[in-house]
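**Student:** sequence and predicted structure, then a few things I'm wondering about:
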Amino acid sequence: MKINCEINGEEFLEFDESNAILMDHIGNNLVEQSKKVFKLDGFESHCRLGGDLPDEQLKQFCDLIDEQYGDLYVRHIGKDWKLFKEFEWTEPGLVVVWFTKKDSDDLVAFFAFKVCLNDEDKLVLHLCENHMSKAFKDMGYGYSLSKQFNDFCHTTRYIDINKELL
């Protein structure tokens, strides 16, 4: 896909998912937009690029996945699936949004997404991860986050790269 933007003096004329500089630039823009959009009443919201997450946070995400899907991941990826996941979260441009209790760092939910090209060669947001702690399921939080993400996909202005809105 043809684009036209400049990052730190370097001109980009084509979207290339393998270009870490371009992907992180887009990701940083999405992080800033996400901080304004994704909210859950009563919880603290956080957002960063996956590559900027501290190891402690990555471990917390893996523990939440392990709580519900650990056996499945071991069967399909192997016993070292957590290392694989932690590596996956460092992918350039990957945006991670998570929620904690306001009075502690207890993880409530997290999801991750990035920009990619669809089959029609259009930029879209791809939801890569979406997990909620068992203690907070069936309370409407998952629905709320899904709706917020869907609305974000339809209203975010990151797609118009040609107008340099990144």
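**Tutor:** Received it, and whenever you're ready, just let me know what you need. Numbering: from 1, shown residues only.
**Student:** what's the helix or strand where residue 84 lies packed up against?
**Tutor:** Per DSSP states H and E, residue 84 falls inside helix 81-88. When contacts are defined as 3 or more CB pairs under 8 Å, 6 or more residues apart in numbering; DSSP states H and E, helix 81-88 sits against helix 55-76. Glycine gets a C-beta too; all of them are placed from N, C-alpha and C.
**Student:** quick check, residue 132 in contact with residue 109.
**Tutor:** Yes. Under the criterion of CB atoms under 8 Å, residue 132 makes contact with residue 109 at 4.3 Å.
**Student:** between these two, what contacts are shared?
**Tutor:** 141-142, 145 (CB atoms under 8 Å, 6 or more residues apart in numbering).
**Student:** secondary structure, distance to residue 97 and pLDDT added to the residues you listed, as JSON lines?
**Tutor:** Shown next, in JSON lines, are the shared contacts of residue 132 and residue 109 (DSSP: H, G, I helix; E, B strand; the rest coil; distance: CB to CB, whole Å; pLDDT from 0 to 100):
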{"residue": "141", "secondary structure": "helix", "distance to residue 97": "13", "pLDDT": "94"}
{"residue": "142", "secondary structure": "helix", "distance to residue 97": "13", "pLDDT": "92"}
{"residue": "145", "secondary structure": "helix", "distance to residue 97": "8", "pLDDT": "95"}
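**Student:** ok, the residue nearest to the spatial centre of the chain - contacts?
**Tutor:** Closest to where the C-alpha atoms of the chain average out (CA atoms, centre = their mean) is residue 112, at 2.4 Å. Applying CB under 8 Å, 6+ apart to residue 112 gives the contacts 50, 89, 94-97, 127-129.
**Student:** ranking those residues by neighbours, who comes first?
**Tutor:** Across these, neighbour numbers were computed from other CB atoms under 10 Å; residue 96 holds the maximum, 26 neighbours.
**Student:** identify the residues contacting that residue.
**Tutor:** Contact analysis of residue 96 by CB under 8 Å, 6+ apart lists 47-50, 53, 61, 89, 110-112, 129.
**Student:** where exactly do the strands run in this protein?
**Tutor:** Using DSSP state E, the strands assigned to the chain run over residues 2-7, 10-14, 43-49, 95-101, 107-117, 123-132.
**Student:** alright, I will stop here.
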